[in-house]
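>>> Got a sequence here, can you build the structure:
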Amino acid sequence: MKALVINEAGGPGQLQETDMEVPEPEAHELRIKVHAVGLNPVDYKLMESPLPEWSFPHVSGLDVSGVVDAVGADVTDWSAGDEVYYHGNMTEDGGFAEFTTTRADVVSSVPKGLTHVEAASMPTAGFTAYQSLYRKAPLRPGQTIMIQAGSGGVGSFAVQLAKHLGLTVFSTCSDENADYVKELGADQVIDYRSQNVVEEVHKLTDGRGVDVVLDLVGRETATEALDYLAFNGHLIAVVEWPDLSHYVAKTLAPSIHEVALGFVYRSDDEAQIKDLGYMARELGELASQGKVKPSLNRTISFQEIPKALQEMQDGHTRGKIVASFDT
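So this is what the prediction gives:
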C-alpha cells in the first residue's frame, strides 16, 4: 500500500512516500480503507518529538474517515463496507496511508449527510471542543464564554457548540476572520491585534468577567484569562496551563481544566478511551442534524500533505485542511 512515513525525528519535510505491507487487524480491531485524513498541528509536533512508543518508519495521521475493509475475530458491531470516522491512537501508525487499523470501539458511523472529507475534518478539533464544553465544565444556558482563537480548527467547532448550548459567546480572532467567526455564532468578536482583550471583556460584561474561558493559544493568553474570568469561573486550557506564580488564593477561586484528547490512549483507562467513540457519535449526531457544521478550509491530495503541514507550521490557518485519497 502507499503511505507517507518519517524514518527519524523531523518536521513535515521528512515525510517520504513509500510502499508498505497492508496491516492486519488484531482481534479487537478494524482495518480501514482510508478515504480522507484530517491534518492537525499535533501531526508535525509529534514528528519533531516522536513518542517513545513509535517505531520507524512511522505513519502519522490521527483523523480518519473511510470504509471498514476487514474486522478482527472478536468484533461484532461492525462489518466490511461500513463507513466510519474516528480519532486514532497517536502511539500507533495512523491514516497517512491507504489502509490503517484501529480499535473497533472508538469509531462511529460517518454522520448522515457528510462526506468522508467533512467527517475527517472533525475528530481532533471537534472532539477537543466537545470534550472541553460537554465533559469538563458544567455549563448552563445564559452563561458567558470567551473562546480564544475562534477561527481555528478547535475554535470554529467550539463557537458553534457553545452557541448550541445557549451561551453568550465572545471570541478573539484577527480582523479578516471576524465575519467568519460571527457566522459561526459568536456574539462579540475581539481583534487581538488591535484591541486589549482584558479591557474589552470587562466592557462587555460590565466588569464581571466571563464564566468560562476556552484558551486555544498558549500560556500567555491562559494567564491573561485570569484577569477577566469571573469569580468561580472555569478556565479550560487546551495548549498550556496558565502561570499561577502570582495568583493569590481565594481571590478568584477558578477551576482549571486541562484537555489532552489523544493522550487518553496512554492512560490505560478503558472507559475514557471508549469515550472517544461516544463523542464521535454525539458530535456526529449534531452534525447530521445541521447543528454543527465542519469548518473545512480546503481539500488537498495525498501528495500535498507534507506541504500543507509545513504551511500549518509556518502560520495561522482558518478551519481544517483534509487530504482526500479520492482526489
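>>> give the contact list for the closest residue in space to Pro123 that isn't next to it in sequence.
Of all residues not flanking Pro123 in the chain, His87 sits nearest, at 3.8 Å (CB to CB, 6 or more residues apart in numbering). Where you see a C-beta, it was placed from the backbone N, CA and C, and this is true even at glycine. Shown in contact with His87 (CB atoms under 8 Å, 6 or more residues apart in numbering): 62-63, 106, 123-124, 127, 261-262, 276, 280.
>>> Ramachandran angles for His87?
Main-chain torsions, His87, degrees, to the nearest 10: phi -100, psi 120.
>>> which of the residues in stretch 168-182 are buried?
If you call a residue buried by 16 or more other CB atoms under 10 Å, then stretch 168-182 has these buried ones: 168-174, 177-178, 180-182.
>>> again, but for stretch 195-206
Buried residues in stretch 195-206, counting neighbours by 16+ other CB under 10 Å, are found at 197, 200-202, 204-205.
>>> any residues touching it, and which ones?
Contacts with stretch 195-206, where a contact means CB under 8 Å, 6+ apart, come from 144, 146, 170, 172, 188, 190, 209-210, 221, 224, 227-228, 230.
>>> just to revisit the earlier point, so how far is Gly185 from the residue nearest to Pro123?
Per CB to CB, to the nearest Å, His87 is found 24 Å from Gly185.
>>> where are the low-confidence patches of this protein?
Residue ranges of the chain with pLDDT under 70: 316-317.
>>> one more time with 80, if that's ok
Within the chain, the stretches with pLDDT under 80 are 315-318, 327.
>>> any idea how it splits into domains?
With domains defined by the TED database, the chain comprises 2-124+268-324, 128-261.
>>> Out of the contacts of His87, flag the one nearest to Thr100.
Thr100 has its nearest neighbour among the contacts of His87 in Leu62, at 10.4 Å by CB to CB.
>>> Contact partners for the closest one?
38, 40, 42-43, 87-88, 90, 94-95, 123-124, 262.
>>> Looking at those residues, which are in helices?
The helices, defined by DSSP state H, take in 42-43, 123-124 from those.
>>> among these, which ones are buried?
42-43, 123-124.
>>> what's near enough to touch the residue nearest the centre of the chain?
Centroid check for the chain by CA atoms, centre = their mean gives Ala125 as the closest residue, at 1.9 Å. For Ala125, the contact set (CB under 8 Å, 6+ apart) comprises 38, 40, 152-154, 156-157, 295, 320.
>>> so Phe96 sits right up against Leu4, yeah?
Yes: under the criterion of CB atoms under 8 Å, Phe96 makes contact with Leu4 at 4.1 Å.
>>> Give me the common contacts of these two.
By CB under 8 Å, 6+ apart, the residues touching both Phe96 and Leu4 are 15, 59-61, 302, 305.
>>> Quick check: Ala104 vs Gly207, distance?
Per CB to CB, Ala104 is found 52 Å from Gly207.
>>> neighbour-wise, which of those two wins?
Ala104 (23 against 10; other CB atoms under 10 Å).
>>> Spatially nearest residue to that one, not counting backbone neighbours?
Sequence neighbours aside, Val75 is the residue nearest to Ala104 in space, at 4.6 Å (criterion: CB to CB, 6+ apart).
>>> and the one you found, how many neighbours?
Number of residues near Val75 (other CB under 10 Å) recorded here: 19.
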